[in-house]
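[1] Need a 3D model of the sequence below.
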Amino acid sequence: MAGLTLPTTSDAVSKPGQARRGGRIRYGRGSVLLLAAVYFAVPVLCALWFTVDPGGKGFSFDAYAKIFSVPDLWPALRLSLLLTAATVLLVYLLLVPAVVAVRLGGPRLRAVVELTCTLPLVVPVIALTAGISSLLRWGNDNLAPTPFFRTFVLLQNENFPVVLLLAYVVMALPLAYRTLDAGMRALDVRTLLEAAQNNGASRARAVVTVILPNLRGALLNTAFLTLALVLGEFTTASILGYVPFAVWIVNGNAAGQGAVTVAVSMVSLLLTWLVLLVLSVGSARRTHTQTH
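    Numbering: from 1, shown residues only. I've put the predicted structure just below:
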């Protein structure tokens with residue numbers, strides 16, 4: 001009997017209170033997730049219904065069947081995919097060495113690199129595009145008598161506009177830098193580097209074979225953020241006169257092909273989700289295998 005202690009009044013009151021607070025927290029989280037699901041799912045479901053029943057004419061998959069025969073879709077999609085691949089590659093070439101160098105040898109330069117990469121957030125896209133347009137007009141007026149004019153014209157080639165590629169790289173810098181920097185700061189870089197060098201690897205080989213594989217998740221996230229940016233960007237491409245995927249979608253709606261363009265958007269959205277799901281499952285399996 002001596003070892004038996006009865007709960008005090010304060011304990012009896014606090015435990016139900018804690019349970020109620022925990023229930024309210026769980027209920028609040030569920031409400032937020034439900035609202036988020038409705039916010040994202042309702043527009044997608046409405047767009048899907050519009051593609052299978054355009055104008056209330058009856059259920060039909062004609063919009064999806066016309067995807068393969070719609071004019072100018074594949075050139076626009078090909079241009080967007082080329083720009084995406086080139087943008088991702090150029091962002092990697094610019095930021096990965098910079099992030100690694102700042103982490104290993106120049107931590108005092110981190111503020112400079114971060115400020116430089118986040119500057120595009122301060123400049124609106126329309127202002128950036130206006131500056132590019134002014135520069136292109138100046139080049140066309142002043143570089144015609146010089147040997148650089150041909151190079152200047154090649155930068156504006158509609159089959160692969162390098163000027164649009166450079167604009168996309170600038171727009172992608174803030175998100176790409178944040179993603180890579182977060183992945184790098186999550187690693188014990190110096191320990192990994194010292195362990196590799198103790199096993200006979202040079203500094204450059206240690207970075208390539210040890211550090212970069214541990215950045216796989218950050219690199220994939222950077223690639224998908226850049227993919228979303230390039231595929232969805234409209235303002236710069238439209239003002240500069242190019243027709244990638246996003247501009248084609250808007251032009252198709254204006255030309256009375258709304259159901260087909262929305263069907264193309266739905267297919268691209270589904271494919272993107274599938275790729276993200278496959279990569280997420282693959283990354284989770286690799287992590288599970290490494291931990292066991």
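
[2] going forward, measure contacts and count neighbours with C-alpha atoms only.
    Will do.

[3] dump the residue contacts of the most centrally placed residue in the chain.
    In the chain, the C-alpha nearest the mean C-alpha coordinate belongs to residue 225, at 0.7 Å (C-alpha atoms, centre = their mean). By C-alpha atoms under 8 Å, 6 or more residues apart in numbering, the contact set of residue 225 is 172, 175, 176.

[4] so which of these comes closest to residue 29?
    Distance to residue 29 across the contacts of residue 225 (C-alpha to C-alpha) is lowest for residue 175, with 27.2 Å.

[5] pLDDT weak spots in the protein?
    1-26, 55-56, 253-256, 279-280, 282-292 (pLDDT under 70).

[6] Helices of that one, residue ranges please.
    Along the chain, counting by DSSP state H, helices occupy 9-52, 62-65, 73-104, 110-118, 125-142, 149-154, 162-185, 189-198, 203-206, 212-214, 216-232, 235-240, 245-254, 258-291.

[7] List the buried residues in the shortest one.
    Of the residues in helix 212-214, those scored as buried under the neighbour-count criterion (16 or more other C-alpha atoms under 10 Å) are 212, 214.

[8] repeat for the fourth one
    Applying a neighbour-count criterion of 16+ other C-alpha under 10 Å, one finds 110, 114, 117, 118 buried in helix 110-118.

[9] swap in stretch 263-281?
    Buried residues in stretch 263-281 (16+ other C-alpha under 10 Å): 263, 264, 265, 266.

[10] would you turn the residues you listed into CSV with distance to residue 249?
    Listed next are the buried residues of stretch 263-281 as CSV, based on distance: C-alpha to C-alpha, whole Å:
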residue, distance to residue 249
263, 10
264, 8
265, 8
266, 12
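
[11] Tell me the spacing between residue 277 and residue 190.
    32 Å (C-alpha to C-alpha, to the nearest Å).

[12] Can you get me a residue count around the closest residue to residue 108 other than its chain neighbours?
    Nearest residue to residue 108 in three dimensions, chain neighbours excluded: residue 102, at 7.7 Å (C-alpha to C-alpha, 6 or more residues apart in numbering). For residue 102, the neighbour count with other C-alpha atoms under 10 Å is 18.

[13] Now do the contacts for residue 102.
    108, 109, 110.

[14] out of the contacts of residue 225, which one sits closest to residue 237?
    Closest approach between those and residue 237, by C-alpha to C-alpha: residue 172, at 14.9 Å.

[15] Look up the closest residue to that closest one, ignoring the ones flanking it.
    residue 226 (6.0 Å).

[16] again with residue 62
    residue 52 (7.6 Å).

[17] and that neighbour, how many residues sit next to it?
    19.

[18] can you pull the contacts of it?
    Each residue near residue 52 by C-alpha under 8 Å, 6+ apart is listed here: 58, 59, 60, 61, 62, 63.

[19] The second one: neighbouring residues, count only.
    For residue 59, the number of neighbouring residues by other C-alpha under 10 Å comes to 12.

[20] what do you get for the fourth one?
    Counted by other C-alpha under 10 Å, the residues lying close to residue 61 total 14.

[21] and the gap between it and residue 165?
    On the measure of C-alpha to C-alpha, residue 61 and residue 165 end up 36 Å apart.

[22] repeat for the last one
    Going from residue 63 to residue 165 by C-alpha to C-alpha gives 31 Å.

[23] domain ranges for this structure?
    20-60, 73-242 (automatic domain parsing).

[24] Let's have those in CSV, adding distance to residue 250.
    Below are those laid out as CSV (distance: least, C-alpha to C-alpha, whole Å):
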stretch, distance to residue 250
domain 20-60, 15
domain 73-242, 9
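
[25] hey, which of these is tucked in deepest?
    When you average the neighbours per residue for each of these (mean count of other C-alpha atoms under 10 Å), domain 73-242 leads with a mean of 16.

[26] now the end-to-end length of that one.
    13 Å.

[27] Can you list phi and psi of residue 155 for me?
    With angles defined as degrees, to the nearest 10, residue 155 sits at phi -60, psi -20.
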